[in-house]
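J.: Attaching a predicted model along with its sequence, questions to come.
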Amino acid sequence: MGERAFAVALKIPDNEAYTAMRALQRLGIAVAHVRRADVLVFNGDEGDETVRERIERDETLFNPNKHRLEQLASTHPREGEVWIEMLDAPRSAPMRRLVSWRLFGGADEPLGGDELDAACIRLLCNPAIERAIR
Amino acid sequence: MTARVAVLVFPGTNSEEETRDLLLDCGADARIVHWSEAASLAYYDAFVLPGGFAYEDRIRAGAIAAHDAMLDVVIEAAQAGKLVMGICNGAQILLEAGLVPGSGEIRRPTAAFTHNAQGHFICERVLLRRTVAAERCAIAAALPEDALIPAWAAHGQGRLAASTAHLEDIERGGHVVFRYADARGATDAHLAPQGSALGAAALTNREGNVLAIMPHPERDAWNFNHLDRREGADVLAPSGGSVLFGSFVTALERW
């Protein structure tokens, strides 16, 4: 089946995303809305539904009372999105866990490349321990 | 005049009272300053960032606090030569702010105290030994030579990590002020309970006026913290890890 990516996002208010938005605004980055999610990238032969059920059963990954689970169309970030991965995370593990940050402007448009770069360099990614995937 | 020390409190800081109390016991005029009072910080001679979980460790430990208005003042003060000490989460903030080891631009971190190698929180008593010359770090300069400083490693993210090149810079530049030690004072990387690179427990900047220390000396600082190892009859008397705070206050008097 190859690589599949799932996003686990809060369906309750995400205080961490709000804090990130305020911090980015303080840095002069024109962001109006931030969405955050855990991205789980699976590599294996199991079917999509099997993987989905595994996530939903794992209480360390998913709580149905506060999370929504979505299978992503791609294993790469979308426009206006960056994935942050720990540098010491094993790349060949059956499941990789990353953090997705999606940044939007005032008209709810995905933020452009330069501003996304600035957000990564100035706040979202510490290159000593993390890498940013665009 | 007694040195004025601000003990900074961010939302989520939780070690400010024992930090303030130990500074007072060591002779400093220490006061707790909350994040909403950043404008008052110009009044102070030195700054201590205590432990906790500033801004709930959102994004990364220390990342949001490193961009707080209070850090604007602390960074400016550190660059002017004032003494700054960060303990545990305070140390993480100083690394995120780029003040320590200080090999990059401000707020462009080149190292981090990150997730422990064992992948979970640890809480254990440790011994620290200064492994640089006394004059390398003003805050630790007044410690007795070869003193073993007791402290508590109480963190989920206390492992120094950086690129190989930056770790070499940290080692070569004498930035590792304290390393984890055994009871005989021997230091070795394997003594770091969380796998910290270089066996590092504390780093300083190039100028030696900023100290980022992961374990908590203030949690092993009075006789009542260790009644089984009582060093005096008075349970309220400072002891153990208080020597580091004593050295900090001595440095302030010299400053």
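T.: Ah, there it is.

J.: how many neighbours does residue B:72 have?
T.: For residue B:72, the count of nearby residues is 13 (other C-beta atoms under 10 Å in any protein chain shown). From N, CA and C alone the C-beta is placed, and that goes for glycine too.

J.: Was I right to think it contacts residue B:39?
T.: No. The criterion here is C-beta atoms under 8 Å, and residue B:72 misses it with residue B:39 at 10.6 Å.

J.: so where's the chain shaky on pLDDT?
T.: Since you didn't name a chain, this refers to chain A. A:1 (pLDDT under 70).

J.: try chain B instead
T.: Using pLDDT under 70, chain B drops low at B:227-233, B:255.

J.: those strands in it, which residues are they?
T.: Taking DSSP state E as the test, the strands found in chain B are B:4-9, B:29-34, B:46-49, B:83-87, B:112-114, B:122-130, B:148-155, B:159-161, B:176-181, B:200-204, B:210-213.

J.: contacting residues for residue B:19?
T.: B:7, B:30, B:48, B:50-51, B:87, B:218 (C-beta atoms under 8 Å, 6 or more residues apart in numbering or on different chains).

J.: ok, so what distance separates residue A:40 from residue A:61?
T.: 7 Å (C-beta to C-beta, to the nearest Å).

J.: Flag every residue of chain A that's near chain B.
T.: A:15-16, A:19-20, A:23, A:26-27, A:86-88, A:121-124, A:126-130 (C-beta under 8 Å from any C-beta of the partner chain).

J.: Serialize the strands of chain B to CSV and add fields for mean neighbour count and distance to chain A.
T.: Output for the strands of chain B, formatted as CSV (neighbours: other C-beta atoms under 10 Å in any protein chain shown; distance: least, C-beta to the nearest C-beta, whole Å):
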stretch, mean neighbour count, distance to chain A
strand B:4-9, 24, 17
strand B:29-34, 18, 17
strand B:46-49, 28, 18
strand B:83-87, 27, 16
strand B:112-114, 27, 5
strand B:122-130, 20, 18
strand B:148-155, 22, 15
strand B:159-161, 24, 5
strand B:176-181, 25, 16
strand B:200-204, 30, 12
strand B:210-213, 30, 14
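
J.: if we can go back for a sec, go through the residues of chain A next to chain B and flag which are in strands.
T.: Per DSSP E, these map to strands at A:86, A:130.

J.: follow-up on the earlier one: which neighbours do residue A:40 and residue A:61 have in common?
T.: Joint contacts of residue A:40 and residue A:61 (C-beta under 8 Å, 6+ apart) are A:8, A:55.

J.: Tell me which of the two has more neighbours.
T.: residue A:40 (23 against 17).

J.: May I have the residues that are in contact with the more buried one?
T.: So residue A:40 contacts A:5-8, A:55, A:61, A:95-97 (C-beta under 8 Å, 6+ apart).

J.: So which of the residues you listed is the closest to chain B?
T.: residue A:97 (12.2 Å; C-beta to the nearest C-beta).

J.: from what I can see the closest one touches residue A:37, true?
T.: No. Using C-beta under 8 Å, residue A:97 is not in contact with residue A:37, being 11.1 Å away.

J.: Comparing these two, which residue is more hemmed in?
T.: Shown here are residue A:97 and residue A:37; by other C-beta under 10 Å, residue A:37 has more neighbours (24 against 14).

J.: following the single longest strand found in chain A, which helix or strand comes up?
T.: Longest strand of chain A, by residue count under DSSP E: strand A:33-44. Next helix or strand after strand A:33-44 toward the C-terminus (DSSP states H and E): helix A:48-57.

J.: Please export the C-alpha coordinates of that following helix as CSV.
T.: What follows is helix A:48-57 as a C-alpha-only set of coordinates in CSV (Å, rounded to 0.1, in the frame of the first residue of the first chain):
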residue,chain,number,x,y,z
ASP,A,48,-6.3,2.3,4.9
GLU,A,49,-9.3,1.2,7.0
THR,A,50,-7.0,-1.0,9.2
VAL,A,51,-4.7,1.8,9.8
ARG,A,52,-7.5,4.2,10.6
GLU,A,53,-8.9,1.7,13.1
ARG,A,54,-5.5,1.2,14.7
ILE,A,55,-5.2,5.0,15.2
GLU,A,56,-8.7,5.2,16.6
ARG,A,57,-8.0,2.4,19.1
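
J.: Run the chain-centre distance for that helix.
T.: What separates the centre of helix A:48-57 from the centre of its chain is 18 Å, taken as C-alpha atoms, centre = their mean, to the nearest Å.

J.: repeat for stretch B:61-81
T.: Distance, centroid of stretch B:61-81 to centroid of chain: 14 Å (C-alpha atoms, centre = their mean).

J.: Repeat that for stretch B:97-114.
T.: 15 Å.

J.: helices or strands up against the longest helix along chain B?
T.: Counting by DSSP state H, the longest helix found in chain B is helix B:242-254. Applying 3 or more C-beta pairs under 8 Å, 6 or more residues apart in numbering or on different chains; DSSP states H and E, we find helix B:242-254 packed against helix B:16-25, strand B:46-49, strand B:83-87.

J.: Indicate which one of those is closest to residue A:106.
T.: strand B:46-49 (35.0 Å; C-beta to C-beta).

J.: Partner strands of that closest one and their direction?
T.: strand B:4-9 (parallel), strand B:83-87 (parallel) (DSSP bridges).

J.: Identify all contacting residues around it.
T.: B:3-8, B:19, B:23, B:28, B:30, B:41, B:65, B:74, B:77, B:82-87, B:89-91, B:93-94, B:248, B:252, B:255.
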